[in-house]
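In: Here is my input; please provide its structure:
(4 chains, ligands or ions: 4)
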Amino acid sequence: MQGGRVTERRATAAPAIELRGISKAFGPVQANKDISIRVMPGTIHGIIGENGAGKSTLMSILYGFYKADAGEIFINGQKTQIPDSQAAIRAGIGMVFQHFKLVQNFTVLENIILGAEDGGLLKPSLAKARKSLIALEKEYGLKVDPDALIEEIGVGKQQRVEILKALYRQAEILILDEPTGVLTPAEADQLFRILARLKAEGKTIILITHKLREIMEITDTVSVMRRGEMTATVKTSQTSPEELAELMVGRKVLLRVDKAPAKPGAEVLLVDDLRVTDEDGVERLKGISLKVRAGEILGVAGVAGNGQSELLEVLGGMRPATGQVSIKGESIDLTGKRSDGQSRRSRGIAHVPEDRQHEGLIMDFAAWENLIFGYHHDPEYQANRLLMDNSDVTQLAARKMERFDVRPPNPRLTAKSFSGGNQQKLVLAREIERNPDLLLVGQPTRGVDIGAIEFIHKQIIALRDAGKAILLVSVELDEIMSLSDRIAVMFDGRIMGERLPSQTDQTELGLLMAGIDPDTD
Amino acid sequence: MDFTTLLLVLDSTVRLATPLLLACLAGLFSERAGIFDIGLEGKMLMAAFFSAAVAYATGNVWLGLLAGIASSMALSAIHGLASITFRGNQLISGVAINFLAAGVTVVVAQSWFRQGGRTPSLEGASRFNPIELPLAESLSGVPLLGPIYHELVSGHTVPVYAAFAAVPLTWWILFRTRFGLRLRAVGENPESVDTAGVSVIGLRFAAVAIAGLLCGIAGAYLGTALQAGFVKDMTAGRGFIALAALIFSKWRPWHALYATLLFGLLQAIAVRFQNIDLGGFVIPVQFMEALPYILTVVILAGFVGKAIPPRAGGEPYVKER
Amino acid sequence: MEKMPKWADAVLVPLLSLLMAAILSAIVIFAIGEDPVAAFKLMVDGALMRSAGWGYTLYYATNFIFTGLAVSVAFHARLFNIGGEGQAMLGGLGVALVCLYIPWPHWTLAIIGASIGGAIFGAAWAFAPAYLQAKRGSHVVITTIMFNYIAYSVLNYLLVNVLIAKGSMDPATPKFPEATHLPTFRDMFSTADTILFRGSPANVSFFLALFACVFVWLLIWRTRLGYEIRAFGHSDTAANYAGISAVRITIVTMLISGALAGLMAVNTTQGEAERLILNPTEGAGFIGIAVALMGRNHPVGVFIAALLFGFLYQGGAELALWTNIPRELIVVIQALVILFTGALDNMVRMPLERLFLAFRRKEAR
Amino acid sequence: EPALIFDLGGKFDKSFNEAAFGGAQRWAEESGGAFREIELQSEAQREQALRRFAEAGSNPIVMTGFAFGNVLSEVAPDYPDTKFAIIDMVVDAPNVRSVVFNEHEGSYLVGMMAAMASKSGTVGFIGGMDIPLIRKFACGYVQGVKAVNPDATVIQNMTGTTPAAWNDPVKGSELTKAQIGQGADVVYAAAGGTGVGVLQTTADEGILSIGVDSNQNYLHPGKVLTSMMKRVDNAVYEAMKSGTDLETGINVMGIANGGIDYALDEHNAALVDEAMKAAVDAAKAKIASGELQVHDYMSDNSCPAE
Ligand SMILES: Nc1ncnc2c1ncn2[C@@H]1O[C@H](COP(=O)(O)OP(=O)(O)OP(=O)(O)O)[C@@H](O)[C@H]1O
Ligand SMILES: Nc1ncnc2c1ncn2[C@@H]1O[C@H](COP(=O)(O)OP(=O)(O)OP(=O)(O)O)[C@@H](O)[C@H]1O
Ligand SMILES: [Mg+2]
Ligand SMILES: [Mg+2]
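Out: Ligands and ions are numbered 1, 2, ... in the order given. Model (predicted):
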């Protein structure tokens, strides 16, 4: 159905997409700075970069979701104005967002025709879409039930709906923003097969991902973004993961952290047959058992969405569960009044949550208020039985900020006025300074720059060396490999296996994360 | 209760349900598009005054209706400006609009008519008069159906029939047209609409404007059909009962009809019977008056099926923080 | 980086909003053929130039302090309590029952008893919406609106059928006993030869209101509970992380809010009417919204805003007394204040933020 | 300079307050003087308005409605040099004139007319707020109806139990429809502003109504049988005319002294035939002479006729 346009475009050989000098600021944040990029037709172009580098912003501009402050867009060699997504769609661009843009209580079919209806009435549009859905399914193997409600199908299927939406609108250029983040490895493989098929048809694909393996596997060219700027564009065949990593963070990456061998002591945390069912009735943890001893770091690896977040949340008292958990031999409540974060803290559990902006900090609170968050009932912070001792707490906070190198070290600034890395240091300062028996850490360095990463890693290891137990959850395999004394891999709500960092490698962990146990296969 | 009394109560139910129904459908359009509207009351009140005032001045009820609609839509525009363009709090905006209408109507009425905040009484062509449907008189002799047709179906004013016609129309627009699909989508997930290349702002303004239109008709009905002129605060909480009915109906057009008829019936009963004596047990009139609100709280509490509002409801659409 | 300095957010934005509301109000007055300047003068004369005027201004302000605090305490937990009206009505019932059925020896004890009665009844009326919000997610805005109407019906029923004074045509309770009558400003401040605050209803409850301001300030900024209320209001996910119970905070905050609204009745019912009448609140519950918005949810702001609205109320009554401008003009002004300081906040804020941002960029260069 | 305070129903309620306004205007035209006036909008204003007028030197101050009773008894002693006149309520203070009306007498007359005009033998009564004063109206009305036609049915409804009942035309209209449904063909509205809805609906539905307080015949010419006139206008007029010399104490206005009457003018002339007029006038004379005693509900809170 799109054959004619393919041949015509190949003949011109102009870049399918060319961006020149794109800049975009969100208030004080410069998300994109003078970015230029060319993507040739019929290729897969990768974009990598740290969290917050500006990848999504750039693609959203190309798709007309945001308006650039400056810059030009050329599609197939023609200068094109893209003031809104309608214009992008007309120019043959389709985008699958990092966070899907689907209407939960609409059917697949309704979502597909939304905005691309053929007339004032729905009936003919729906009939037509149903027909072409069957055709697309045949062509690409994208199977979904057109009458299913979005809220009733899994994320993998939802992503297919997004891709179908783009194809239904006859997209020639397809942008995928971190499509594999939510997919199981099998689903990811399937997605890549579809992308290869699309490429063979002459479509142009832009793929945003954090995973170097995916870049190396499927892209033709790759661009690297850092802090809103485009730092390099290279042919995939002429680069290596190491080089890309270096380009991404701006200097040589230390893949290892200096640390002494662990001297594990007594068991601190014991988890047995932990189960969690979420609000939608989906079982997220399907019987987790693990233990963490004093003076060791247990790293939990896994693709996002396999239950690691829920594990941390249960241990941190943020959601109820069933099973047994004990701290230093004493069991803790998993439901009811005594299962909240404050009870956990009183039992010596500190928690650096995965999402510092929405969980770890109150962005509108001053730093000093944030530095007692969760511990505000502590007698140390009270002036008397009724009132809190604000000035004393502020002074304490200033000292903590000094020790954790929070910049600027002013406790009266609100949390939102610190950069991401410094916000994370605030959380760490609060949790580590409490000298807990067990520290739960989720994604400690997400969106944090390399200097801060090193500092944070050092603090975590220092705590370990002080004889504390640490449970680390991270999607960054490098971080897991370099910090952990033992590694547990989670898949689909279960622990797939445990390995020692010295006796494993990324390939084996990757397989485990994909739900494949190399030992039993 | 004998048959005639029943018919009369039902007849009165239809009359009293009409403004509730129109306002409820107005809220339905707005809230389905993600804009909460607790300003139904104010818009109706504004329309009641301006329709009565203009109908009085021109002697033409249709001009009055237009003026009522225009004034109600002006308030809609303020609500849109506040909650769509400037992403303000929709609830606060609604509260402000209710006060604005309560104040402006009286201030202007006093300034124009000097009658203590009311309009002079309307007569003849400056009011909506009852329409006799064909054959109503001649069929009234037919047992059962005759009186029902004559008393209940026939003999209402134009806005009453318009309100009842608006129910299937609303259903059809929402569920059978492109506009309806987009409108519902924008109330559930505005980003889905935005990324499909359709203007969120445009859709929401359209929805709010329709709400203004319907509230305008509701207000005009109060001022020029149910009543012969405007009196201060004449909506008397009907906007909030309509809101209650909207929740009661879980944002669905046909259910809105049933809910408003139920609430209309409660009002009709409360009007007629001060206290209802159920053989020793007396239901005070105050209880009947409060019943719509009590029922709504019960529904909201989720004891009788949960009322889930449109997911994006109440949230301004913010792309860039 | 903050987009604007704190002072701009706390003072400049509300001032500009107020200015816009004032300009529009002046236009309205002008449009109905009256002179805005003369009207304003009349209001100032009637509300501020005589001690009796002040007596009314402070009387109204007392009501608005209570309802304003009620709304703002709830706002801190991001709960929009529009039920102040109903809670204050029930508060009136509480005050009336306490004053009528307990034989108080002296007003000093009676005011304590009445405060407790009003607060408990007001809080009780806020409980159901709070519970439904906390446990069942029913939006507190809608339920409190419903409860306002239900409160009216309850009060109506009780006054007409149960509490009505024998032989009276008014649906109102009998007068409260002499011993419960509160000292008015006239009693307190008149000297032997000059009578001050003659006939005006301001009474000791004003000091109760001041006390409530201090109480709320301490509560919100100096206690753990206040800390938790604010934390929950800013981010419920973070509150969950910290082990702050959403259910508990929602319910407790609404109870405090309802109690504050209920306390208003000490002023109107015990202090002024000295009996419970059918409409004891006269919209003060709603004005609390405007007061809280304008006062930026801070007790000092609420106090100032309440004074302003007290002035508007008294001035507006004077207007209605001496000119052709109906009292509803205040309702218009009140609506404009809510509109500009609440719903159209961004209309003022966004250009200001851009201005400050541009200014800083320039400085940074 | 005298002052007039209207109760919550508002100056133009076409009824009670409007009658008071009419009296004040008559005085102003005749004397060339001016008077202050205010329409109350809220309960709290009652006292404020009284005091402000008193302090501003208005004298006498006239107020309409029983609801002022409580407040006036507190305010009056504070201003011993000011004279007050209150209508429909007795306030015992040396500087207050309390004007009350024998509404039952007038209601009796219009009840007679209703019974004579009715073809169905069923007539209606719609009261405002359910208070003894309105029951007094109802009781007199029923007595009048029964005097003419002992078998007649009188349907009675009160609009409500709160002051809102004085100002709810929608409810008035619905109640009227209900009474028509039950066969009523003459409806007497003693309901303040609510009566506007009653009169409107009877006119729309083609039956007769009876107005109250002022002469309301003109509202729907040919549709309003008559109006029970409570000469509030006279009371106000006289109070203003006597100025500071206002005689205090209780002033009962009834048929005998022209304070109560029924309305007959060009608007209802066609509806009132000679026989009707003769019968009513005869009764009127008997009441005036004391020969006929109409029972006053408020004297013992009960009504002999149902
Ligand atoms: N809508 C927005 N409003 C304000 N700031 C934004 C918005 N979207 C993104 N930003 C900011 O712009 C910067 C770039 O964000 P962007 O989402 O483009 O990064 P990204 O490279 O896609 O990161 P990630 O890998 O986490 O998806 C960040 O600092 C982010 O906080
Ligand atoms: N979504 C956002 N909305 C508002 N402000 C933001 C947003 N994201 C980031 N900022 C602000 O932008 C500034 C820079 O944030 P960002 O996280 O990009 O810093 P950074 O350069 O990555 O620093 P760090 O290396 O410490 O993480 C901070 O002041 C932050 O508060
Ligand atoms: Mg992104
Ligand atoms: Mg960062």
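In: count of neighbours near residue C:316?
Out: 27 (other CB atoms under 10 Å in any protein chain shown). C-beta here means a position set from N, CA and C on the backbone, and glycine is covered the same way.
In: quick one: average confidence on the helix or strand encompassing residue C:154?
Out: Taking DSSP states H and E as the definition, residue C:154 sits inside helix C:140-157. Taken as a whole, helix C:140-157 carries a mean pLDDT of 91.
In: how about that helix: buried residues?
Out: By 16 or more other CB atoms under 10 Å in any protein chain shown, the buried positions in helix C:140-157 come out as C:140-157.
In: That one and chain B, are they touching?
Out: Yes: under the criterion of CB under 8 Å from any CB of the partner chain, chain B is reached by helix C:140-157 at C:141-143, C:145-147, C:149-150, C:152-154, C:156-157.
In: Beyond that helix, next helix or strand please.
Out: Next along the chain after helix C:140-157, with elements defined by DSSP H and E, is helix C:185-189.
In: For whatever helix or strand residue A:18 lives in, which outside residues touch it?
Out: Per DSSP H and E, residue A:18 falls inside strand A:17-26. Defining contact as CB atoms under 8 Å, 6 or more residues apart in numbering or on different chains, one finds that strand A:17-26 is touched by A:30-39, A:54, A:57-58, A:61-62, A:66, A:68-75, A:77, A:173, A:204, A:206, B:320-321.
In: quick one: which of those sit in helices?
Out: Judged by DSSP state H, the contacts of strand A:17-26 include A:57, A:58, A:61, A:62 as members of helices.
In: Look up how far residue A:350 lies from the third one.
Out: Distance of residue A:61 to residue A:350, computed by CB to CB, to the nearest Å: 41 Å.
In: How about stretch D:182-192 and chain C, any contact?
Out: No: counting by CB under 8 Å from any CB, chain C is not contacted by stretch D:182-192; separation bottoms out at 13.4 Å.
In: For that stretch, which residues meet the burial criterion?
Out: For stretch D:182-192, by 16+ other CB under 10 Å, it's D:184, D:185, D:186, D:187, D:188, D:189, D:190, D:191, D:192.
In: same question, stretch D:119-128
Out: D:122, D:123, D:124, D:125, D:126, D:127, D:128.
In: Among those, which one lies nearest to residue A:451?
Out: Nearest to residue A:451, judged by CB to CB, of the buried residues of stretch D:119-128 is residue D:128 at 80.7 Å.
In: Just checking the helix or strand that contains the closest one against chain B, any contact.
Out: For residue D:128, the host element (DSSP H and E) is strand D:122-129. No: using CB under 8 Å from any CB, we find that strand D:122-129 stays clear of chain B, coming within 10.7 Å at best.
In: which helices and strands does that strand pack with?
Out: helix D:103-117, helix D:132-148, strand D:153-160, helix D:169-181, strand D:186-190, helix D:194-205 (3 or more CB pairs under 8 Å, 6 or more residues apart in numbering or on different chains; DSSP states H and E).
In: Check the ones you listed for me and report the most buried one.
Out: strand D:186-190 (a mean of 31; mean count of other CB atoms under 10 Å in any protein chain shown).
In: That strand pairs with which strands?
Out: Sheet pairing here is set by DSSP bridges, and for strand D:186-190 it gives strand D:122-129 (parallel), strand D:208-213 (parallel).
In: Can I get those in JSON lines including mean pLDDT and distance to residue A:435?
Out: JSON lines is the format used below for those (pLDDT from 0 to 100; distance: least, CB to CB, whole Å):
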{"stretch": "strand D:122-129", "mean pLDDT": "93", "distance to residue A:435": "72"}
{"stretch": "strand D:208-213", "mean pLDDT": "93", "distance to residue A:435": "84"}
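In: May I see these organised as a markdown table, with distance to ligand 2 added?
Out: Shown next, in a markdown table, are the strands paired with strand D:186-190 (distance: least, CB to the nearest ligand atom, whole Å):
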| stretch | distance to ligand 2 |
| --- | --- |
| strand D:122-129 | 59 |
| strand D:208-213 | 67 |
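In: Let me have those in TSV, extended by distance to residue C:62.
Out: Compiled in TSV, these are given as follows (distance: least, CB to CB, whole Å):
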stretch	distance to residue C:62
strand D:122-129	30
strand D:208-213	38
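In: Please parse chain A into its domains.
Out: A:2-92+A:173-249, A:104-171, A:267-361+A:436-520 (automatic domain parsing).
In: worst average pLDDT in those?
Out: domain A:2-92+A:173-249 (a mean of 85).
In: any bit of that one sitting next to ligand 1?
Out: Yes: applying CB under 6 Å from any ligand atom, one finds domain A:2-92+A:173-249 in contact with ligand 1 at A:26, A:29, A:31, A:49, A:51, A:52, A:53, A:54, A:55, A:56, A:57.
In: Next one: the nearest residue to the last one once chain neighbours are set aside from ligand 4, what distance?
Out: In other words, residue A:57. Distances taken as CB to CB, 6 or more residues apart in numbering or on different chains put residue A:31 closest to residue A:57, at 4.2 Å, once the chain neighbours are dropped. Residue A:31 is 11 Å from ligand 4, where distance means CB to the ion, to the nearest Å.
In: neighbours around residue A:31, how many?
Out: 23.
In: Counting neighbours, what do you get for the residue in the stretch 351-500 of chain A positioned nearest to ligand 4?
Out: Per CB to the ion, residue A:420 is where the stretch 351-500 of chain A lies closest to ligand 4, at 3.4 Å. Counted with other CB under 10 Å, residues neighbouring residue A:420 total 17.
In: and if you look at residue A:435?
Out: Residue A:435 has 12 nearby residues by other CB under 10 Å.
In: That one - that's part of a strand, no?
Out: No: under DSSP: H, G, I helix; E, B strand; the rest coil, residue A:435 sits outside any strand and is assigned coil.
In: who touches it in this structure?
Out: residue A:468.
In: Same question for residue B:291.
Out: residue B:266.
In: State the helix or strand in which it lies.
Out: Residue B:291 is part of helix B:285-300, with elements assigned from DSSP H and E.
In: Kindly report the same for residue B:102.
Out: Per DSSP H and E: helix B:90-113 holds residue B:102.
In: Would that helix count as contacting chain D?
Out: No: using CB under 8 Å from any CB, helix B:90-113 stays clear of chain D, coming no nearer than 8.7 Å.
In: tell me what that helix is packed against?
Out: If you count contacts as 3+ CB pairs under 8 Å, 6+ apart, helix B:90-113 packs onto helix B:40-58, helix B:61-80, helix C:13-31, helix C:284-294, helix C:328-338.
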